[in-house]
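Q: below are the sequence and a predicted model for it; my questions follow.
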Amino acid sequence: MKDQYLQYTCQYNQTNNMKTILSVVISLTLITAIHSQNGNYLYEPSGQEIDSLYFAYKNATHDTTKMELSRKIAFYYHEKNKDTALYYQQMQLELARKLGLRIWEADALELSGFITQNMGQYPVSLKYFQQALRIAEDQKSEKDNWRSDFLSKKGTPEAARLTVLAFIHIDAAGLYNSTGNHQKQMTSLLEAIRIAKIIDDHALLSFAYGSIGEDFSEHNKLDTSLFYLQMALMYADSANYHKYSGGVWTSIGNINYKRGDIKKARLSYDNSIRSSLKTGNYEAIGTTFFTLAEFFANTGQHDSAMIYAYKGLNISDNVRSPQNMLEGYDILASLYAQSGVMDSAYHYQSMAIATSDSMYSEEKIVHLQNLDFSEQIRLAELQEEKEKYQNKVRFRALLSGLVFLLAIAAALYWNNRSRRKSLKLVKRQRNDLQSAMAELKNAQVQLVHAEKMASLGELTAGIAHEIQNPLNFVNNFSEVSGDLLTELGDEIKDGNTEEVNDIVWDLRQNLTKITEHGHRASGIVKAMLEHSRSGEMVKELIDINELADEYLRLSYHGLRAKDKSFNASFSADLDDTIPKIEVIPQEIGRVLLNMINNAFYAVSLRSREENSDYKPAVTIQTKMTDTHVEIRVKDNGAGIPEEAREKIFQPFYTTKPSGEGTGLGLSLSYDIITKGHGGELLLETEAGKGTEFIIVLPV
């Protein structure tokens, strides 16, 4: 069987070691030529060059040269022999640390993470990625650099660091996909796209868009998947780098197959094999062979399915890809079971179980989770330091205010004593007192404004999260529409009416999506502007349900931005019969944000104090009665102690630890509802079961 698959895959041949003087000259000439290239971060030596690289590596006298050569040799073996690739990658890492070249160290860590991920060593891979990320996110690493042109397209220290950072996000996304964390996978890929656009690197964009397309294909979102896969091929053509285009063609073939177009699917698979053979990506060929095995099995061609399954397994074994081998064992077990050859089916099923256990053992998963949790703790500590500094500033401001108040009290005392001396002095003191009172009122206004700004800060993190998604869609659909317009002009010149109609239909769909997501972003910005608007505010007719739902989501994402470990379920039960009511939108928004933030804080506090059986939840409910509208914000936290219930609406009273609250939120909310809107703010709470604030507004 190995002889059969070799005729498809063995398109390269390494030359014998040259021992003559001529070979030395050729080797040195070759290394000099390679060394002078720009954009070498994607350079992969050919089989004819590897002997020269070995010779140069063995005879290198400078550590920098040896480090560069070890990376090139590792790149040659990435898809051929992962053990050898990892060995030379570790040599690069050791030399980079010895030389103090931080970006090269991050590059070696990232590539080591990529290799160990493909070897199924997920905890080790995550650790490499985390170490690389700490270095690449630090701009100071740019100052200790060498040969920036070897690590990036543009050749500057900044571009080198950003290129390594983008690769970390792309390859870490593959790790998150392998371990089932699709949310982190997509976050990493979008961050990679953002960085790649900054440095205008089309190869990086091709990798990221291809991974996003494959993810959507796995979730059967075929149109979206095809869009991103075509973007990947377009950027691969632009960058003239097709190392991973074979995998993209395989995904396109899967889409065609799911749509029932067998002919197009087979052509796509053939394109995949040709592309991977041309670039020497044998691991991708193995994946495509497994896909063809399933394709033939589903179309009733059992013998062809067996042939391609064995081909894929042999290649995966040669390149040490346990993920692909697991897939091959499963396919062969299924094929033999269908044929009734149960001993072979049992054999391959046992092999699949053993491979799966080695990759996804409970010990490895726990280790992986612990590593990820450690990184979250590091980020949380950084955030905690930032908050401590902010709290310190607030404390100093409050202390200054108290000193100011004490100074006023002292002035009043001395004024009262001096009043007895003379009428003239009394009048002067009266003027001083009036001036001091004016300053006190101004200080009070500033304190209230500071509380409003604090709520705006809490809102901003949620807004940033909410607005990013529609803006990403607007940008992506706009880019594609520009390309479609260019294609439309070409098709009109050629007179291809059918293609013109298809492109026009695609443009209409893109414009619809752009309009939809543009309105979404506009609404979020409008809510932020309303919340932050100062000066004279007037009542307006608003949809209270829309306002409540908006602030519920913004509050949750704002807290998630501050504390990634925080999780809670939230829901909105909104009465559709409520008409638009006349209120001051930004004031009611501040009240809702304060209530919802308090609710999430309560469930977060209880979640940290209790066991894992507790499920934090926050709900917001609106209800229409004959004379008023009720808005209920409810949580299942620990409740408010009885001794605190009577003081809960008093200014400066708070149940939060020192530095976490000013005690003005509920006091201001009470004034806004009762004095500004003629309503009521009620409290219902029960120890151990939760708290419910009820806002009553007249219609």
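A: Looks like it arrived, so ask away. Residues are numbered from 1 along each chain as shown.

Q: report the distance from the helix or strand hosting residue 113 to the chain centre.
A: Assessed by DSSP states H and E, residue 113 sits inside helix 102-118. Offset of helix 102-118 from its chain centre (Cα atoms, centre = their mean, to the nearest Å): 20 Å.

Q: export it as PDB, just CAs?
A: C-alpha atoms of helix 102-118 as PDB (Å, rounded to 0.1, in the frame of the first residue of the first chain):
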ATOM      1  CA  ARG A 102      13.500  38.700  22.200                       C
ATOM      2  CA  ILE A 103      11.600  38.700  18.900                       C
ATOM      3  CA  TRP A 104      13.500  35.700  17.700                       C
ATOM      4  CA  GLU A 105      12.800  34.000  21.000                       C
ATOM      5  CA  ALA A 106       9.000  34.700  20.600                       C
ATOM      6  CA  ASP A 107       9.300  33.300  17.000                       C
ATOM      7  CA  ALA A 108      10.900  30.100  18.200                       C
ATOM      8  CA  LEU A 109       8.300  29.700  21.000                       C
ATOM      9  CA  GLU A 110       5.500  30.200  18.500                       C
ATOM     10  CA  LEU A 111       6.800  27.700  16.000                       C
ATOM     11  CA  SER A 112       7.500  25.200  18.800                       C
ATOM     12  CA  GLY A 113       3.800  25.700  19.900                       C
ATOM     13  CA  PHE A 114       2.700  25.000  16.300                       C
ATOM     14  CA  ILE A 115       4.700  21.800  16.000                       C
ATOM     15  CA  THR A 116       3.700  20.400  19.400                       C
ATOM     16  CA  GLN A 117       0.100  21.200  18.700                       C
ATOM     17  CA  ASN A 118       0.200  19.100  15.500                       C
END
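
Q: which helices and strands does it pack with?
A: Using 3 or more Cβ pairs under 8 Å, 6 or more residues apart in numbering; DSSP states H and E as the contact criterion, the elements in contact with helix 102-118 are helix 63-77, helix 82-99, helix 122-136, helix 148-151, helix 157-178. Where you see a C-beta, it was placed from the backbone N, CA and C, and this is true even at glycine.

Q: what angle separates that helix from helix 122-136?
A: Angle of helix 102-118 versus helix 122-136, following axes from the mean of the first three to the mean of the last three Cα atoms, to 10 degrees, is 160 degrees.

Q: kindly export stretch 255-268 (C-alpha atoms) in CSV.
A: What follows is stretch 255-268 as a C-alpha-only set of coordinates in CSV (Å, rounded to 0.1, in the frame of the first residue of the first chain):
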residue,chain,number,x,y,z
ILE,A,255,-19.0,22.6,0.6
ASN,A,256,-19.7,21.5,-3.0
TYR,A,257,-20.3,17.9,-1.7
LYS,A,258,-22.7,19.1,1.0
ARG,A,259,-24.6,21.1,-1.7
GLY,A,260,-24.8,17.9,-3.8
ASP,A,261,-22.5,19.0,-6.6
ILE,A,262,-20.3,15.8,-6.8
LYS,A,263,-18.5,16.9,-9.9
LYS,A,264,-17.3,20.2,-8.5
ALA,A,265,-16.4,18.5,-5.2
ARG,A,266,-14.1,16.1,-7.0
LEU,A,267,-12.5,18.9,-9.0
SER,A,268,-11.9,20.8,-5.7
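
Q: what's that stretch in contact with?
A: Stretch 255-268 has contacts (Cβ atoms under 8 Å, 6 or more residues apart in numbering) with 217, 220, 222, 225-226, 229, 249-250, 252-254, 295, 299.

Q: output the helices and strands packed on helix 102-118 as TSV; include the columns distance to residue 492.
A: What follows is those, written out as TSV (distance: least, Cβ to Cβ, whole Å):
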stretch	distance to residue 492
helix 63-77	45
helix 82-99	50
helix 122-136	46
helix 148-151	42
helix 157-178	37
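
Q: looking at those helices, which is buried most?
A: helix 157-178 (a mean of 24; mean count of other Cβ atoms under 10 Å).

Q: pick out the residue nearest the middle of the chain.
A: Residue closest to the average C-alpha location in the chain (Cα atoms, centre = their mean): residue 187, at 2.0 Å.

Q: model confidence for that one, exactly?
A: If you check residue 187, the pLDDT there is 91.

Q: kindly report the same for residue 208.
A: We have a pLDDT of 90 for residue 208.

Q: which helix or strand contains it?
A: Element membership for residue 208, per DSSP H and E: helix 202-218.

Q: what do you get for residue 515?
A: Using DSSP H and E, residue 515 maps to helix 497-532.

Q: same check on residue 694?
A: Here residue 694, judged by DSSP H and E, is contained in strand 690-698.

Q: list the buried residues of that strand.
A: When neighbours are counted by 16 or more other Cβ atoms under 10 Å, the buried residues of strand 690-698 are found to be 690-697.

Q: packing partners of it?
A: By 3+ Cβ pairs under 8 Å, 6+ apart, strand 690-698 packs against helix 585-609, strand 628-635, strand 680-686.

Q: in CSV, list those along with mean neighbour count, distance to residue 181 and mean pLDDT.
A: Below are the helices and strands packed on strand 690-698 laid out as CSV (neighbours: other Cβ atoms under 10 Å; distance: least, Cβ to Cβ, whole Å; pLDDT from 0 to 100):
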stretch, mean neighbour count, distance to residue 181, mean pLDDT
helix 585-609, 22, 21, 87
strand 628-635, 22, 28, 94
strand 680-686, 15, 37, 91
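
Q: kindly reformat these as TSV containing distance to residue 667.
A: Listed next are these as TSV, based on distance: least, Cβ to Cβ, whole Å:
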stretch	distance to residue 667
helix 585-609	10
strand 628-635	17
strand 680-686	10
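
Q: dump the residue contacts of residue 44.
A: 75-76, 78, 243, 280.

Q: state the distance from residue 162 to residue 516.
A: Noted for residue 162: a distance of 32 Å to residue 516, by Cβ to Cβ, to the nearest Å.

Q: that older thread, output the helix holding residue 208 as CSV, nothing but the C-alphas.
A: Taking C-alpha atoms only, helix 202-218 is exported to CSV below (Å, rounded to 0.1, in the frame of the first residue of the first chain):
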residue,chain,number,x,y,z
HIS,A,202,-1.6,39.2,2.6
ALA,A,203,-0.1,35.8,3.5
LEU,A,204,-1.2,36.2,7.1
LEU,A,205,-4.6,37.4,5.9
SER,A,206,-4.9,34.2,3.7
PHE,A,207,-4.1,32.0,6.7
ALA,A,208,-6.6,33.7,9.0
TYR,A,209,-9.5,33.9,6.5
GLY,A,210,-8.9,30.2,5.5
SER,A,211,-9.2,29.2,9.2
ILE,A,212,-12.4,31.2,9.6
GLY,A,213,-13.8,29.7,6.5
GLU,A,214,-13.0,26.1,7.6
ASP,A,215,-14.7,26.8,11.0
PHE,A,216,-17.9,28.0,9.3
SER,A,217,-17.8,25.0,7.0
GLU,A,218,-17.7,22.7,10.1
